[in-house]
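Trainee: Just the structure for this:
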Amino acid sequence: MTLDQRIQIWVAVGTWVAGLATVAAVIVALRLAKQVEKVKLKVHVGLRELFMGDGSPAEDHFCINVTNLGERAVIINSAGWAVGKGKHRKLAIQTVAAVYSTQYPVELPYGKEANFMVSFLIVPNWLKDFATGFVRDLSDKNLKTLVAQIHTSVGQTTEVKPEKGLLEALKKYR
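Mentor: Residues are numbered from 1 along each chain as shown. Down below sits the predicted model:
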């Protein structure tokens, strides 16, 4: 094999390697673009106490805390609930009723959070009405299906289980 033939073989190998590298770069770029599109929310659902720091007593609240962990801004249209499975699944929208609550809809840029709250001073029977009016079946089996839902403007719904403290408070109404 002459030097000229060896050079031609290495040119062909280099062309193939460059082609494979180009395909790999396109795949990585498409994956990264798709990840940026995803809505990533961190959600906590539970009972909270709000301290004003002015000497007044703490106020009890139900709270859904939502933090945007995605690269793009997200608009939260509403929060709600789902309980049950299959054709027995029930859905509800959660209204907010607290002085310091975020109102729907809200835009959350990266790293920002919203707190959707119901004050037990404003709605004193919220826990009882939620347990007996919406959930109704307060068995452990049914409470395992209870999830809070966060609805976004792009049609994505994030579901999260409530914290143990809220579930224990609901069980008191059995």
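Trainee: Show me the strands in this structure, by range?
Mentor: With DSSP state E as the criterion, the chain has strands at 41-50, 59-68, 74-83, 90-94, 106-108, 113-119, 147-152, 157-160.
Trainee: Dump those strands into CSV; add mean pLDDT as well.
Mentor: CSV is the format used below for those (pLDDT from 0 to 100):
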stretch, mean pLDDT
strand 41-50, 95
strand 59-68, 95
strand 74-83, 96
strand 90-94, 95
strand 106-108, 96
strand 113-119, 96
strand 147-152, 96
strand 157-160, 95
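Trainee: need those in CSV with distance to Val11 and mean neighbour count, can you?
Mentor: In this view, the C-beta of every residue, glycine as well, is placed from N, C-alpha and C. Shown next, in CSV, are these (distance: least, C-beta to C-beta, whole Å; neighbours: other C-beta atoms under 10 Å):
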stretch, distance to Val11, mean neighbour count
strand 41-50, 51, 16
strand 59-68, 50, 21
strand 74-83, 50, 19
strand 90-94, 64, 14
strand 106-108, 53, 16
strand 113-119, 57, 20
strand 147-152, 52, 20
strand 157-160, 53, 15
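Trainee: Rebuild those as TSV, extending it with distance to Met1.
Mentor: Below are the strands of the chain laid out as TSV (distance: least, C-beta to C-beta, whole Å):
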stretch	distance to Met1
strand 41-50	62
strand 59-68	61
strand 74-83	62
strand 90-94	74
strand 106-108	65
strand 113-119	68
strand 147-152	63
strand 157-160	63
